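Enquirer: Quick one: sequence and predicted model below, then my questions.
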Amino acid sequence: MSMNGFDSKLIKQGRKGCALQRHEGGKCISSDGGVEERVQSFRERKRLAEVDGDGEDLVGEKMGKGPNCIILAISPANQDLATSDAIKISREVDPKGERTFGVLTKVDLMDKGTDAVEILEGRSYKLQFPWVGVVNRSQADINKSVDMMAARRKEREFWNTSPEYKHMANRMGSEFLAKMMSKHLESVIKSRIPGLQSLISKTIIDIETELSRLGRPVATDAGGKLYMIMEICRGFDQVFKEHLDGVRPGGDKIYGVFDNQLPAALKRLQFDKHLSMDNVRKLITEADGYQPHLIAPEQGFRRLIESCLSSIRGPAEAAVDAVHAVLKEMVHKSISETSELRQYPTLRVEVSNAATESLERMRDESKKATLQLVDMECGYLTVEFFRKLPQDVEKGGNPTHSIFDRYNDSYLRRIGTTVLSYVNLVCATLRHSIPKSIVYCQVREAKRSILDHFFTELGGKEAKLLGKLLDEDPAIMQRRINLGKRLELYRTAQSEIDAITWAK
């Protein structure tokens, strides 16, 4: 706070009035009208308040508002000090007397043979600060329009020539009161500077934090808007990658699909139904057609294997869909964790839609590639696994028997066991190759190019359409403007206070 023009928060008018002082030209002088006019004005207001019955409460409330309030307890010298309302109320709101200054008026109007020396010297009623006597203009002086300079000269003459008071004349009068108040007020302000600096610094930090939360203001030109949108999208992309890479939670769910869900789904496949005795006999017989096989029922083997491997398509598709769901969840989390997107609802929706569409394209490609892995296993069998099969058949069968005799239970059971072993071998292979396909087609692509299509479309948009994406709430815009003004004001105050501190 500047010393030029003290704020009324630091000096409050007391019970009997308060002479507010101000600096002009480096000198502390009394406000126009002097102490006596302010006393008179305050008394008029007091009388109006007392009509309502709350005069003392009103004055006490005004004087008791915090340590920055300085109290001038003004009492007339021609009345008993023990009955002074000013002293009474000031004692209630300031019992230690740390901010009470006693002012004695009408010293020149006391009866002959009496004086106020004991009061002014603090023997009659002691205060922490010395009493100050003042001699104001009389009603005749006011009627004659005697100016304040003349009144002050007359006052100095009174103190210097009065036998009772001339030994204390150097610390009496309105001028001394103004200087003493100014010096005390200056010391109070200096003592408040550290706390004020701390409060301003904290307020600046709070404002900057809120401005950071509100985000940057929207650019006005098309290039600035495009750059701003791209920066926001890159922020989202970075958050999304952090989820995938384990910096943020979520990526472990994809591994859970590969390590738990897919193996469990493969184990639940009921190959025993495909390889039941009746089904094996049926498929082997149908595969031979009108002519029985000569050495081994190769077409029967193929049909049995294809029947079993085709059931793996279900778990493979489920794994693709499960990873897709995890990626969509990460997109939603990343959007909510990108603070800039919360600022622009339309852009948030567009980014969410674009990311979801990209994930759906990646899911379709991943599903296609993953099912091709299963189809590859169905389309080409591993020959080495079956090379020993003809020898086993020759040892266990008799080609001279009829077709129905050859397909005895032992022979069919051996075929089912052989097919099951091969299918389990393929399942073990697909358990590792399906995650690789999913990661390559979905996870890797999402990490690399989840918003590439959106960026391509963004480059062709006009400034008006770009502006629609940055449709910030007007209330937030106004809030940011107001905070910016407050921040500038507090920074200016901080600089001025720092300058005062260094000047000391």
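Expert: Yes, it's here.
Enquirer: from here on, contacts and neighbour counts on C-alpha atoms
Expert: Will do.
Enquirer: Tell me where the stretch 301-450 of the chain has helices.
Expert: Taking DSSP state H, counting those that start in this stretch as the test, the helices found in the stretch 301-450 of the chain are 313-337, 339-343, 345-379, 389-396, 403-406, 409-438, 444-449.
Enquirer: May I ask which helix or strand encompasses Leu104?
Expert: strand 100-105 (DSSP states H and E).
Enquirer: Give me the mean pLDDT for the helix or strand following that strand.
Expert: Sequence order places helix 117-120 as the next helix or strand after strand 100-105, per DSSP H and E. For helix 117-120, mean pLDDT is 87.
Enquirer: Could you give the separation of the helix or strand following helix 117-120 from the chain centroid?
Expert: Counting by DSSP H and E, the element after helix 117-120 in chain order, helix or strand, is strand 132-133. Distance of strand 132-133 from the chain centroid (C-alpha atoms, centre = their mean, to the nearest Å) equals 56 Å.
Enquirer: Please name every helix or strand in contact with strand 132-133.
Expert: Counting contacts by 3 or more C-alpha pairs under 8 Å, 6 or more residues apart in numbering; DSSP states H and E, strand 132-133 packs against strand 100-105.
Enquirer: how about the helices of the stretch 301-450 of the chain, which one is nearest Lys144?
Expert: helix 339-343 (69.5 Å; C-alpha to C-alpha).
Enquirer: Give the other helices and strands that that closest one contacts.
Expert: Using 3+ C-alpha pairs under 8 Å, 6+ apart, helix 339-343 sits against helix 313-337, helix 345-379.
Enquirer: CA-only coordinates of the strand holding Leu104 in CSV, if you can.
Expert: Extracted C-alpha coordinates of strand 100-105, given in CSV (Å, rounded to 0.1, in the frame of the first residue of the first chain):
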residue,chain,number,x,y,z
THR,A,100,-4.9,3.5,20.8
PHE,A,101,-3.8,7.1,20.8
GLY,A,102,-5.3,9.6,23.3
VAL,A,103,-6.2,13.0,21.9
LEU,A,104,-7.4,15.8,24.3
THR,A,105,-9.4,18.7,22.7
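Enquirer: How far off centre is that strand?
Expert: Strand 100-105 sits 52 Å away from the centroid of its parent chain (C-alpha atoms, centre = their mean).
Enquirer: Packing partners of that strand?
Expert: Counting contacts by 3+ C-alpha pairs under 8 Å, 6+ apart, strand 100-105 is packed against strand 71-76, strand 132-133.
Enquirer: ranking those strands by burial, who's on top?
Expert: Highest mean neighbour count among the helices and strands packed on strand 100-105 (mean count of other C-alpha atoms under 10 Å): strand 132-133, with a mean of 27.
Enquirer: Neighbouring strands of that one in the sheet, and parallel or not?
Expert: Paired strands of strand 132-133, with direction, are strand 100-105 (parallel) (DSSP bridges).
Enquirer: what angle do the partner strand and strand 71-76 make?
Expert: Interaxial angle of strand 100-105 relative to strand 71-76 (axes from the mean of the first three to the mean of the last three C-alpha atoms, to 10 degrees): 20 degrees.
Enquirer: how about the helices and strands packed on helix 339-343 in TSV, adding mean pLDDT?
Expert: Shown next, in TSV, are these (pLDDT from 0 to 100):
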stretch	mean pLDDT
helix 313-337	96
helix 345-379	94
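Enquirer: of all the ones you listed, which lies closest to Ile200?
Expert: Nearest to Ile200 among those is helix 313-337; the distance by C-alpha to C-alpha comes to 30.9 Å.
Enquirer: Quick one: list the elements packing against that closest one.
Expert: Contacting helix 313-337 under the criterion 3+ C-alpha pairs under 8 Å, 6+ apart are the following elements: helix 222-245, helix 251-256, helix 262-267, helix 339-343, helix 345-379, helix 409-438.
Enquirer: Which residues does it contact?
Expert: For helix 313-337, the external contacting residues (C-alpha atoms under 8 Å, 6 or more residues apart in numbering) are 236-237, 239-240, 243, 250, 253-254, 257-258, 261-262, 265-266, 341-342, 348, 352, 355-356, 359-360, 363, 366-367, 370-371, 374, 434, 438, 442-443.
Enquirer: So for stretch 167-177, mean pLDDT?
Expert: The pLDDT scores in stretch 167-177 average 90.
Enquirer: show me where pLDDT drops low in the stretch 151-300 of the chain?
Expert: Filtered on pLDDT under 70, the stretch 151-300 of the chain yields the residue ranges 219-220, 288-296.
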